[in-house]
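Undergrad: got a predicted model here, sequence first, then my questions.
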Amino acid sequence: QVQLVESGGGLVQPGASLKLSCAASGRTFSSYAMAWFRQAPGKEREFVARIRWSGGNTYYADSVKGRFTISADNAKNTVTLQMNSLKPEDTAVYYCAAALTYYPGTFRYPWQYDNWGQGTQVTVSS
């Protein structure tokens, strides 16, 4: 198991930036990838971005490409999501997730992830 704790959420105005962090502990060496998902009220959980521990390969949802950047610090077992040019539609609870099983392809589906954090609220509003 991998334990995940997110931090960094908050209330910001449109166009602002915010950085989310995810601290991982436990069997982190056994995870293949880390990702951020988000869920807005009344909507399904949505993929945001993914990074593989080995090699650092990244993948983004089209809705955040060019605005968000996911990165990982293997030594500190942390994953961050830098969010720039935030829009009201980015408002959601953001979740960090760890995948313990290898899957080929984009690694963008919630069922591919085994451990989840408690979530952190991001609100973009003027």
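TA: Looks like it arrived, so ask away.

Undergrad: helix/strand/coil for the most centrally placed residue in the chain?
TA: With distances taken as CA atoms, centre = their mean, Trp36 lies nearest the centre of the chain, 1.7 Å away. With DSSP: H, G, I helix; E, B strand; the rest coil as the basis, the three-state label of Trp36 is strand.

Undergrad: I'd say it and Val48 touch.
TA: Yes - using CB atoms under 8 Å, Trp36 makes contact with Val48 at a distance of 4.3 Å. Every C-beta, even on glycine, is put in place using the N, C-alpha and C of the backbone.

Undergrad: joint contacts of the two?
TA: Counting by CB atoms under 8 Å, 6 or more residues apart in numbering, the shared contacts of Trp36 and Val48 are Leu81, Tyr94.

Undergrad: picking up where we left off before, for the residue nearest to the centre of the chain, give me its contacts.
TA: By CB under 8 Å, 6+ apart, the residues touching Trp36 are Leu20, Cys22, Val48, Ala49, Arg50, Ile70, Val79, Leu81, Tyr94, Tyr95, Cys96, Ala97.

Undergrad: quick check: chain neighbours aside, which residue is closest to the residue of the chain most remote from its centre?
TA: Farthest-out residue of the chain from its mean C-alpha position, per CA atoms, centre = their mean: Ser126, at 23.9 Å. Leaving aside its sequence neighbours, Ser126 sits nearest to Gln13 (CB to CB, 6 or more residues apart in numbering; 5.4 Å).

Undergrad: many thanks, have a good one.
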